[in-house]
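Colleague: structure here, sequence nowhere to be found:
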Ligand code: FES
Ligand code: FES
């Protein structure tokens, strides 16, 4: 099947098996290993990408579903050398430990904060409830997202 889609700002056209999982396509064909596979069954959020601005679990997505979509992975979130405010806040607030959950968490949060400029802490927690972290206890992640929300409001 010939598909075309936009990946991190670049148009891609390729012949591919439509049943290929998007996680595998991104990691193996495009070398975008920031997209992680944790559970592979839609439970952990590590494989989250943005499709037309919405968080999607790439382990549950098939290549055919990419057709015509605008896909952003963690590798495409920054503005050139300038990190996205959520990425920067994760660094500044020590919200990354092993880092396995971080790409998916950051993409989910970036989409949420774009739609919810003044979130409460409860809303922030809810927004990342599909992204599991086994390291941080979430406190620093929520602190980082509160800070990122303020920066995004000012930009
Ligand atoms: S790897 Fe996709 S949700 Fe866990
Ligand atoms: S930082 Fe290790 S899983 Fe979240």
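Modeller: Done, it's in. Just so you know, these numbers come straight off a predicted model, no measurement behind them. Ligands and ions are numbered 1, 2, ... in the order given.
Colleague: now do the residue nearest the centre of the chain against ligand 1, distance only.
Modeller: Central residue of the chain (Cα atoms, centre = their mean): residue 107, 2.8 Å from the mean position. Distance of residue 107 to ligand 1, given as Cβ to the nearest ligand atom, to the nearest Å: 12 Å. All C-beta atoms are positioned from the backbone trio N, CA, C, and that covers glycine.
Colleague: which residue, other than its chain neighbours, is closest to that residue?
Modeller: residue 48 (5.0 Å; Cβ to Cβ, 6 or more residues apart in numbering).
Colleague: residue 40 too?
Modeller: Nearest one to residue 40, counting by Cβ to Cβ, 6+ apart, is residue 59 at 5.0 Å.
Colleague: same thing with residue 9?
Modeller: residue 76 (6.2 Å).
Colleague: okay, that neighbour: pLDDT?
Modeller: We have a pLDDT of 98 for residue 76.
Colleague: isn't it right next to residue 7, touching?
Modeller: Yes. Residue 76 is within contact range of residue 7, at 7.3 Å (criterion: Cβ atoms under 8 Å).
Colleague: from ligand 2, how far off is residue 149?
Modeller: Residue 149 sits at a distance of 20 Å from ligand 2 (criterion: Cβ to the nearest ligand atom).
Colleague: how many residues are close by the residue nearest to residue 40?
Modeller: If you count neighbours by other Cβ atoms under 10 Å, residue 59 ends up with 23.
Colleague: for it, list the residues it contacts.
Modeller: The contact partners of residue 59, taken as Cβ atoms under 8 Å, 6 or more residues apart in numbering, are 21-23, 37, 39-42, 47.
Colleague: ok, residue 133 next?
Modeller: 101, 105, 141.
Colleague: mind doing that once more with 6 Å?
Modeller: residue 101 (Cβ atoms under 6 Å, 6 or more residues apart in numbering).
Colleague: does it count as helix, strand or coil?
Modeller: Three-state call for residue 133 (DSSP: H, G, I helix; E, B strand; the rest coil): coil.
Colleague: can I see the domain layout of this protein?
Modeller: 2-76, 85-154 (automatic domain parsing).
Colleague: any idea how far apart the tips of the shortest one sit?
Modeller: It refers to domain 85-154. 11 Å (Cα to Cα, to the nearest Å).
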